[in-house]
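> Have a look; sequence and predicted model below, questions after that.
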Amino acid sequence: MSRVEFADVQGLVRFGYGHLTEASYALVRVKNVAAAKAWLHSTRVTDAAKSPTNTAINIAFTAPGLRALGISESVIAGFSQEFRAGMAQESRARQLGDVGNNAPSNWAWGSYGCEPHAVVMFFGKPEQFGFFVQSTKGTPWSDAFEEVTSLGTSNLDEHEPFGFKDGISQPQIDWEQRRQTPCTQLEYTNIVALGEFLLGYRNEYGKITDRPLLEPDSASAELLAANDAPTKKDLGRNGTYLVMRELEQDVRKFWQFLHQQAAGNIEEARQLGAKIVGRMQSGDPLVPTEERPTPGSDATSTQQNRFTYHNDPTGARCPFGAHIRRANPRNSDFPEQRIGLLRKLVIMLGFGPKGFYDDLTSSVRFHRILRRGREYGSELRPEQALAPAPPNEQPRGLNFICLNANISRQFEFLQNAWISNAKFAGLAGETDPLLGNRERIAGYCRPSANFTMQKENGLRYPLSGLPQFVTVRGGAYFFLPSLRALRYFAGTGNA
Ligand code: HEM
């Protein structure tokens, strides 16, 4: 398997650009194809060869965006079905929980038929940022694009607006492609095959990812040959899919609700908040951490991330429904419980009775995402959030971004089967307490506004009447091309 040419990969795949504390995301539609291509040609997109010092720019396209650039339908047909259909497609929106207040018809951008064509992501140090954005756009920008909106971000010192430390847990990508797949994973591991995050490489199934392959012609000459089909040109290789969602957070509602549930005790409100997230505000997990890194993690992995739920089989420390336990149950290819080899074999062969944990059997390593989002809005501490909102308060939230090679098996699975699923880990009738839309779930008479916290003695302590804390304001699926593919897009097509 060939080594990754980092100079062909957009930097965002390898780096979160944490030191570039300023960022904004311009969502654009192509106004003039020739001008757009000229701008793409002349813009120096940041690659992954080394972490940029002062500024960075990365670009991704929606399927309508590729069409707008004149890319032919036969080429677009090689991209995944979910990318082509888009996030706001009606049946997909239902699966993602984008109903009620979250429905695409209420979005500020990205509703069906009004998708942006591209997102241009700017990053920089505070001193350089303003000038960098202005000068990169230049005159051709206004000729080329109509700006649908520009999403700003803020720097809350690695905390998201509810006040919890974020960005602690990320999968470790196997850039060297040493991981032997397919394999059977008996223990949770944080290392994940490259093909889960970059197209054209082996994924956790040991298969080279699906992606668009082209018959060679002069336009595609510069593209790399496909790893598994040397006579084809690989338009996907070194690219990946980017999921973006603007998620508005009602910080006042969050802390006011918890404060009320805690009978006016702010410390207890913080404890309840920690149960909802699955970590303390400091980022410390609710389960004990281990001295040694989680298998597969490098020795530098942060102490706050060295844990599994192995020692919390009843959910008494970290509730089964807590946001981070839903989003990554940290299990292996088997239910996360102390079971002997014989039992593992029985499960592997498909025999044996169904147990409490069996709806967790879906192994986590096929459902990891690389989170690259940034928060927006000003800081509001829990004590401050108890006061009523002043007039014209500016919104707060998360411009959620994640990267994955298979939107359906990674982002959508997480969102649908774990975060929005009313039947999860033995729970019924409740969804993610942080993100849930609180809509009525088919088969249940009440809205999904509960959150169960398990206790040591087998008892459960339910929170009920949870309001909706997070509302979707926009979203889209993008393709983040390799630098070679970017040049192909800029050069080919009708204009
Ligand atoms: C406003 C919305 C959201 C907020 C406030 C939020 C907050 C958090 C926080 C505080 C953490 C813990 C920090 C860490 O482990 O890095 C976390 C982890 C995580 N979140 Fe979210 N999140 C939001 C939306 C989402 C969405 C939409 C998804 C995916 C569909 C998601 C997936 C994850 C994952 C995978 C983790 C890491 C879990 C782990 O590996 O232990 N989050 N989130």
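Happy to help now that I have it.

> give me the number of residues near the spatially closest residue to residue 482 that is not a sequence neighbour?
Computed as CB to CB, 6 or more residues apart in numbering, the closest residue to residue 482 that is not its neighbour in sequence is residue 238, at 3.4 Å. Using the backbone N, CA and C atoms, a C-beta is placed for each residue, glycine as well. Per other CB atoms under 10 Å, the neighbour tally for residue 238 reads 27.

> for residue 159, same thing?
The number of residues packed near residue 159 is 17, by other CB under 10 Å.

> Same check on residue 273?
Taking other CB under 10 Å as the criterion, the count of residues near residue 273 is 24.

> Would you mind measuring from it to the ligand?
In this structure, residue 273 lies at 10 Å from the ligand, with CB to the nearest ligand atom, to the nearest Å as the measure.

> now swap in residue 458 and tell me
For residue 458, the distance to the ligand (CB to the nearest ligand atom) stands at 25 Å.

> so who does that residue touch?
With contact taken as CB atoms under 8 Å, 6 or more residues apart in numbering, residue 458 is in contact with residue 314.

> Let's see that with 10 Å instead.
Contact analysis of residue 458 by CB atoms under 10 Å, 6 or more residues apart in numbering lists 314, 316.

> Would you mind confirming that residue 79 makes contact with residue 210?
Yes. Using CB atoms under 10 Å, residue 79 is in contact with residue 210, at 8.9 Å.

> hang on, the earlier thing: now name the helix or strand holding the residue nearest to residue 482.
Assigned by DSSP states H and E, residue 238 belongs to neither a helix nor a strand.

> wait, what's in contact with it?
When contacts are counted by CB under 10 Å, 6+ apart, residue 238 touches 4-10, 13, 47-48, 198-201, 223-224, 480-485.

> quick one: common contacting residues for residue 79 and residue 210?
199, 236.

> Comparing these two, which residue is more hemmed in?
Set side by side, residue 79 and residue 210 show more neighbours around residue 79, with 22 against 16, by other CB under 10 Å.

> nearest residue to the more buried one other than its sequence neighbours?
Distance criterion CB to CB, 6+ apart; nearest residue to residue 79, sequence neighbours excluded, is residue 212 at 5.7 Å.

> The ligand contacts on the stretch 201-350 of the chain?
For the stretch 201-350 of the chain, the contact set with the ligand under CB under 6 Å from any ligand atom comprises 247, 249, 277, 279, 323, 324, 327, 328.

> mind showing which ranges of the stretch 151-300 of the chain have poor pLDDT?
The stretch 151-300 of the chain contains residues with pLDDT under 70 at 294-300.

> about what we covered before: which of the residues of the stretch 201-350 of the chain next to the ligand fall in helices?
Here DSSP state H is the test, and these give 277, 323, 324, 327 as lying in helices.

> Most neighbours among those, which one is it?
Highest neighbour count within these: residue 277, with 25 neighbours (other CB under 10 Å).

> show me the contacts for it.
In this structure, residue 277 makes contact with 160, 162-166, 283, 285-286, 318, 322-325, 433-434, judged by CB under 10 Å, 6+ apart.

> Can you tell me which of those is closest to residue 489?
Within the contacts of residue 277, proximity to residue 489 (CB to CB) peaks at residue 166, which comes in at 32.4 Å.

> Now that closest one: closest residue in space, sequence neighbours ignored.
Ranked by CB to CB, 6+ apart and with sequence neighbours excluded, the top spatial neighbour of residue 166 is residue 160, at 4.4 Å.

> contacting residues around that neighbour?
Taking CB under 10 Å, 6+ apart, we find residue 160 in contact with 166-167, 247, 249, 251, 277, 373-375, 396-398, 400, 434.

> Format those residues as JSON lines; extra columns: secondary structure.
Supplementary listing: the contacts of residue 160 in JSON lines, determined by DSSP: H, G, I helix; E, B strand; the rest coil:
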{"residue": "166", "secondary structure": "coil"}
{"residue": "167", "secondary structure": "coil"}
{"residue": "247", "secondary structure": "strand"}
{"residue": "249", "secondary structure": "strand"}
{"residue": "251", "secondary structure": "helix"}
{"residue": "277", "secondary structure": "helix"}
{"residue": "373", "secondary structure": "coil"}
{"residue": "374", "secondary structure": "strand"}
{"residue": "375", "secondary structure": "strand"}
{"residue": "396", "secondary structure": "strand"}
{"residue": "397", "secondary structure": "strand"}
{"residue": "398", "secondary structure": "strand"}
{"residue": "400", "secondary structure": "strand"}
{"residue": "434", "secondary structure": "coil"}
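
> between those residues, which is closest to residue 24?
Out of the contacts of residue 160, the one with the shortest distance to residue 24 is residue 374. That distance is 9.2 Å, counting by CB to CB.

> wait, that closest one sits on residue 246?
No. Shown here, residue 374 and residue 246 do not form a contact pair, counting by CB under 10 Å, at 11.1 Å.

> joint contacts of the two?
With CB under 10 Å, 6+ apart applied, the overlap between the contact sets of residue 374 and residue 246 consists of 25, 151, 398, 399, 400.

> which among those residues are in contact with the ligand?
Taking CB under 6 Å from any ligand atom, the overlap between the shared contacts of residue 374 and residue 246 and the neighbourhood of the ligand is 398, 400.

> Pull out the buried members of the shared contacts of residue 374 and residue 246.
Buried by 16 or more other CB atoms under 10 Å: 25, 151, 398, 399, 400, out of the shared contacts of residue 374 and residue 246.

> Was I right to think the fourth one contacts residue 245?
In other words, residue 399. Yes. Assessed by CB under 10 Å, residue 399 is found in contact with residue 245 at 7.9 Å.

> what is in contact with these two at once?
When CB under 10 Å, 6+ apart defines a contact, the residues bordering residue 399 and residue 245 alike are 373, 473, 474.

> What's the local residue count around the last one?
For residue 474, the count of nearby residues is 26 (other CB under 10 Å).

> Identify the residues contacting the residue of the stretch 1-150 of the chain found nearest the ligand.
When distances are taken as CB to the nearest ligand atom, the stretch 1-150 of the chain reaches nearest to the ligand at residue 96, 8.8 Å away. Listed by CB under 10 Å, 6+ apart, the contact set of residue 96 reads 87-89, 102, 104, 245, 411-412, 415-416, 419-420, 437, 472, 475.
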